[in-house]
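J.: starting from these lines, generate the structure:
(3 chains)
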Amino acid sequence: MNNLLKIYHTLYQFFGPQYWWPGDTPFEIAVGAILTQNTNWGNVEKAINNLKKEKALNPKAIHKMPISRLALLIKPAGYFNVKAKRLKSFIKFLMNEYRGSMSKMKKEDTNSLREKLLSINGVGPETADSILLYALEKPVFVVDAYTKRVLSRHGIMEHDKPYEIFQELFISSLKRDARLFNEYHALIVRVGKTFCKRREPLCEICPLKS
DNA sequence: TGCCAGGCCGGGT
DNA sequence: ACCCGGCATGGC
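T.: This is a model prediction of the structure:
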């Protein structure tokens, strides 16, 4: 069994299943993926709840909503002006290409869809891959700040390697399976939050410590 | 009370 | 091809 697979089993044994993504529908997950950029998830939940209260958590409602009002509703998520613009960009794409249907989007070929998502203003690699994996159940591995920090702190890969290199490490070590990728990324976030904080040395009680 | 949180863009070198 | 400043709230 390879290194990355061992780590997965260690984390799963320690923490158990994480039940990601916290969201009810593919569209809600996509919105959450944009809102959570460099932002605490608790703040994102407030923003999403504001949209739900206004019955605005659907493509059509946000599409026709004035951007100033959208910014006000998502304010707790931080960066509300840029994120309002980014949500608008994503939803314009969703409306134009798939008539607002995440189900139609899901039928698209994964690689070409990833390229299209990356061309949207405000959708970078992590956001695109989060939408592909967690909203559309595509077998794409999500890399984030925790992934880089956890792996680098445990001497598995240098922190400054680019996104795609980290991604390839997982892809080449694991079966290409959406369920596995889903749980693995969630577990990395979990261990990162718990044992691998930003400005601390290698944690002594981390389950990954050999 | 300053630091941090599930990034990304645009301009400069 | 990198590097960096800007974007902002709420919890601890």
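
J.: in stretch A:154-171, which residues are buried?
T.: Going by neighbour count (16 or more other C-beta atoms under 10 Å), the buried part of stretch A:154-171 is A:154, A:163, A:166-167, A:169-171. Glycine gets a C-beta too; all of them are placed from N, C-alpha and C.

J.: who touches whichever residue of chain A sits closest to DNA strand B in this structure?
T.: Residue nearest to DNA strand B within chain A: residue A:124 (2.2 Å; C-beta to the nearest atom of the strand). Applying C-beta atoms under 8 Å, 6 or more residues apart in numbering, we find residue A:124 in contact with residue A:118.

J.: cool, and residue A:159?
T.: Applying C-beta under 8 Å, 6+ apart to residue A:159 gives the contacts A:148-149, A:152.

J.: identify the residues contacting the nearest residue to residue A:110 once chain neighbours are set aside.
T.: Spatially, and ignoring its direct neighbours in sequence, residue A:110 is nearest to residue A:138 (4.8 Å; C-beta to C-beta, 6 or more residues apart in numbering). Residue A:138 sits next to A:110, A:113, A:132, A:178 when contact means C-beta under 8 Å, 6+ apart.

J.: measure the residue most central in space within chain A to DNA strand C for me?
T.: Closest residue to the average C-alpha location of chain A: residue A:130 at 3.6 Å, with C-alpha atoms, centre = their mean. Distance, residue A:130 to DNA strand C, using C-beta to the nearest atom of the strand, to the nearest Å: 18 Å.
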